[in-house]
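Enquirer: need a 3D model of the sequence below.
(2 chains)
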Amino acid sequence: MANPIGVSRGKGFSNPFEQKQVLGILFMAPAVLYMVAFLGLPFVLAIYFSLTDLTINNLQSGASFIGLENFVELFRDSVFLQALRNTIVFVTSQLLSIILGQLTAFVFMQEFRGKAPARILILLPWAVPIALGVLGWKWMYDSLYSIINWTLRAMHILGPDQWPNWLGAPDLAMISVIIVHAWKAFPFAAVVFLGALTSIPQDIIDAAKVDGAGFLRQMFQINLPIIAPIVSIGLIFSTVFAFTDMSVVWLLTKGGPINSTHVLGSYAFQVGIVSGDIGQGAAISLFLVPILMLAMILVLSAMRRREL
Amino acid sequence: MYQPRVARKPYARTQPQSVSKHKKWTLTYLFKRVLFYTLVIALVIFAALPFYWMFITAFKTEHDLYNLKAIPYIFNEPPTLQHMDLLFNRTAFVQWLQNTFVVGGLVVAITLLIAIPAGYALARLAGRYSEPLGIGMFLTYLVPPTLLFIPLSPVVSRLGLQDSLWALVVIYPTFTIPFCTWLMMGFFKAVPIEIEEAALIDGDSRMGALVHVVLPVSLPGIFTIIIFAFTLCVQEFVYALTFISSTANKTITVGVPTDLMRGDLFFWGSLMAAALIAGIPVAIVYNLFLDRFLVGITGGAVR
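Expert: Below you'll find the model as predicted:
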């Protein structure tokens, strides 16, 4: 794009700061350098550390290169394999929040009494800092004073002698974590769906109605295809956040009971930071990379398909 | 093609009211209404019950909290401020709030210094490099703390920043910069290019036009990224957990869950009070800026 003004201003020596390219590089450089220094470099370091036997003890003396031994060891580590499986389970369980989110969006497309306060309440789980929101759940899952158990007992779903220990039994603990993840993510999914649905031009909807499209047909053959590219970006983001998150697991169970609820993030923290085995921890967290790459590719293709 | 400008409204609102009026009182209508409200109530309870439980816990007496016979949803004994007293007078809660504000403030300053020029460059100066650079920035937002905290930990300790708020001040901009640059780019693109050109014709320099003309009209955008950079810092947990160990240096998200317990004993009343006091204001601010946030996270797709 030619800029006639920039050209006409050249009188004698032009100030280099007046040139688009120079100013552009100058303005962009701090951001790019910052990201390279504190995001790019640590990433390269993660790969390097994962190939060494670096621990908290040989930080000063220097670690030695051990090739892929950290990775080989991981596949013999049953806790790691469990963490890998759990991560996949938790990501799959994101479907739950997507369904709940769509349901919520459907509800908020209608007019009803009390809509405004309901909207604020439903958005709370997503907006509150996760580390603080999880604390409420930890107390709700308490082994003795659980309000969930009390309610279920009051409704006679649980007998007087049944005391489910939500965070103490491996299967229940997994379910507990999944519920909290869904609780945290569904308002955001709802908001994304709602935003996309309200941006569908009214004349398309009218045309569909005139042509006799019923509710389901309109939903699946008109609305969803139109909103798909927009919604997918938002949902990929929330899936990635769920996939890489360790705070829910760490705060609820610390990976227990007997390491049954670890995810990649929390196990990397346990090994790399708590136990101080930096090389091994780095190897664990690098398993997040393939999925991240996949997510990035999906985001890119969604952005390309999107109508601007 | 002619397009009437009535679009972009939720279609439920544009349905004529009379349709529901003459349907009123038929059985299927009533049934649908009941079903609908059940759904609404169920969703609200799922979302908000933990907050209600936090609230009531924060003001219950110890005896009331640990009474298995009483109904837990109500105050069986008069509410008390003892948990608040413990929180404010005998824990480092106030210190954690202060630390959070210090870190948040410094990170906001760094973010503004870096993200505003970068956003402007992407919107106006970078030309054909603008799109790949912008998308690259956007994608770095996907890189999670759980990937980087391990390689950063030896770096932080080499720099002598372990257990220091400065570690957080340096690291937090890695997630605020991409997000805020992307948002600022959107804001700058929305500024009509004519007003800039007018300033240039009037003899202003490019820098001058940016400072005198573009920034003043972008103030709402700048305000938005201040809010977001700050709230993102308040919400961060993983880096703070990794790099801060002493009570006096903790931020709110780490201090509350790690320090308000003694061994296996949790101070539930104070924990819930702390979570509410720190969490609810952040949640309200987020609600207010929801639309802007959506633009940011979906790459400007949802408007």
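Enquirer: shaky segments in chain B?
Expert: Applying pLDDT under 70 to chain B picks out residues B:1-25, B:263, B:295-303.
Enquirer: so which residue is dead centre in it?
Expert: Nearest residue to the geometric centre of chain B (CA atoms, centre = their mean): residue B:231, 4.4 Å.
Enquirer: for the helix ranked longest in chain A, what is the average pLDDT?
Expert: When chain A is parsed with DSSP state H, its longest helix is helix A:170-198. Helix A:170-198 shows a mean pLDDT of 90 in the predicted model.
Enquirer: what comes up buried for that helix?
Expert: A:172-174, A:176-198 (16 or more other CB atoms under 10 Å in any protein chain shown). Where you see a C-beta, it was placed from the backbone N, CA and C, and this is true even at glycine.
Enquirer: how near is the residue lying closest to residue B:40 once chain neighbours are set aside to residue B:154?
Expert: Using CB to CB, 6 or more residues apart in numbering or on different chains and skipping the chain neighbours, the partner closest in space to residue B:40 is residue A:107 (5.7 Å). Distance, residue A:107 to residue B:154, using CB to CB, to the nearest Å: 49 Å.
Enquirer: more neighbours: the two, which one.
Expert: Remark: of residue A:107 and residue B:154, residue A:107 carries more neighbours, 22 against 19, as counted by other CB atoms under 10 Å in any protein chain shown.
Enquirer: what does the helix or strand harbouring that one rub up against?
Expert: Element membership for residue A:107, per DSSP states H and E: helix A:94-109. Helix A:94-109 has contacts (CB atoms under 8 Å, 6 or more residues apart in numbering or on different chains) with A:115, A:119, A:122, A:178, A:181-182, A:184-194, A:197-198, A:235, A:238-239, A:242, B:10-12, B:36, B:39-40, B:43, B:46.
Enquirer: just to revisit the earlier point, now the longest helix of chain A against helix A:94-109, angle please.
Expert: With axes from the mean of the first three to the mean of the last three CA atoms, to 10 degrees defining the directions, helix A:170-198 sits at 40 degrees from helix A:94-109.
Enquirer: show me what helix A:170-198 is packed up against.
Expert: helix A:78-92, helix A:94-109, helix A:115-127, helix A:130-140, helix A:224-244, helix A:247-252, helix B:27-59, helix B:290-297 (3 or more CB pairs under 8 Å, 6 or more residues apart in numbering or on different chains; DSSP states H and E).
Enquirer: any chance of these in TSV, with distance to residue A:210 too?
Expert: Listed next are those as TSV, based on distance: least, CB to CB, whole Å:
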stretch	distance to residue A:210
helix A:78-92	40
helix A:94-109	20
helix A:115-127	29
helix A:130-140	46
helix A:224-244	17
helix A:247-252	47
helix B:27-59	24
helix B:290-297	31
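Enquirer: so for residue B:262, which of those helices sits nearest?
Expert: In terms of CB to CB, the element of the helices and strands packed on helix A:170-198 nearest to residue B:262 is helix A:130-140, at 15.7 Å.
Enquirer: buried residues in the next helix or strand after that closest one, which are they?
Expert: Counting by DSSP H and E, the next helix or strand C-terminal to helix A:130-140 is helix A:147-154. With burial defined by 16+ other CB under 10 Å, the residues of helix A:147-154 counted as buried are A:147-150.
Enquirer: list the buried residues in stretch A:107-121.
Expert: Buried residues in stretch A:107-121 (16+ other CB under 10 Å): A:107-108, A:118-119, A:121.
Enquirer: residue contacts, residue A:73?
Expert: Shown in contact with residue A:73 (CB under 8 Å, 6+ apart): residue A:280.
Enquirer: quick one: pLDDT of it?
Expert: Model confidence at residue A:73 (pLDDT) stands at 90.
Enquirer: tell me, how many neighbours does residue A:83 end up with?
Expert: 28.
Enquirer: okay, now residue 133: neighbour count?
Expert: Using chain A here. Other residues close to residue A:133 by other CB under 10 Å number 27.
Enquirer: wrong one, I was asking about chain B
Expert: 20.
Enquirer: with the one 10 residues further on instead?
Expert: Other residues lying near residue B:143 total 23 when counted by other CB under 10 Å.
Enquirer: can you give me the distance of the nearest residue to it once chain neighbours are set aside to residue B:93?
Expert: With sequence-adjacent residues excluded and distances taken as CB to CB, 6+ apart, residue B:143 is closest to residue A:39, at 6.0 Å. Distance of residue A:39 to residue B:93, computed by CB to CB: 32 Å.
Enquirer: please apply the same query to residue A:214.
Expert: Counting by CB to CB, the gap from residue A:214 to residue B:93 is 56 Å.
Enquirer: so where is chain A shaky, pLDDT-wise?
Expert: Counting by pLDDT under 70, chain A has low-confidence residues at A:1-14, A:16-17, A:306-308.
Enquirer: now the helices for the stretch 151-300 of chain B?
Expert: Residue ranges of the helices in the stretch 151-300 of chain B, as given by DSSP state H, counting those that start in this stretch, are B:165-171, B:173-190, B:193-201, B:206-209, B:215-217, B:219-235, B:238-243, B:252-259, B:268-288, B:290-297.
Enquirer: reformat the buried residues of helix A:147-154 as TSV; add distance to residue A:231.
Expert: Formatted as TSV, these follow (distance: CB to CB, whole Å):
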residue	distance to residue A:231
A:147	34
A:148	32
A:149	37
A:150	38
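Enquirer: rewinding a little: and the residue nearest to the centre of chain B, what does it touch?
Expert: Residue B:231 neighbours (CB under 8 Å, 6+ apart): B:282, B:285-286.
Enquirer: go again with 10 Å.
Expert: Taking CB atoms under 10 Å, 6 or more residues apart in numbering or on different chains, we find residue B:231 in contact with A:127, A:129, B:104, B:176, B:281-283, B:285-286, B:289, B:293.
Enquirer: ok, now residue B:122?
Expert: Residue B:122 touches A:24, A:27-28, A:31, B:129-131, B:133-135, B:137, B:181-182, B:184-186, B:188-189, counting by CB under 10 Å, 6+ apart.
Enquirer: just the buried residues out of these, in PyMOL syntax.
Expert: Buried residues within those, by 16+ other CB under 10 Å, are selected in PyMOL with:
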select buried, (chain A and resi 24+27+28+31) or (chain B and resi 129+130+133+134+135+137+181+182+184+185+186+188)
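Enquirer: ok, back up a step: compare residue A:214 and residue B:93 and say which one has the larger neighbour count.
Expert: Comparing residue A:214 with residue B:93 by other CB under 10 Å, the one with more neighbours is residue B:93, at 24 against 9.
Enquirer: what's the nearest residue to the more buried one if we skip its chain neighbours?
Expert: Using CB to CB, 6+ apart and skipping residues adjacent in sequence, the residue nearest residue B:93 is residue B:87, 5.0 Å away.
Enquirer: ok, residue A:166 touching residue A:145?
Expert: No: if you go by CB atoms under 10 Å, residue A:166 and residue A:145 don't touch, sitting 11.6 Å apart.
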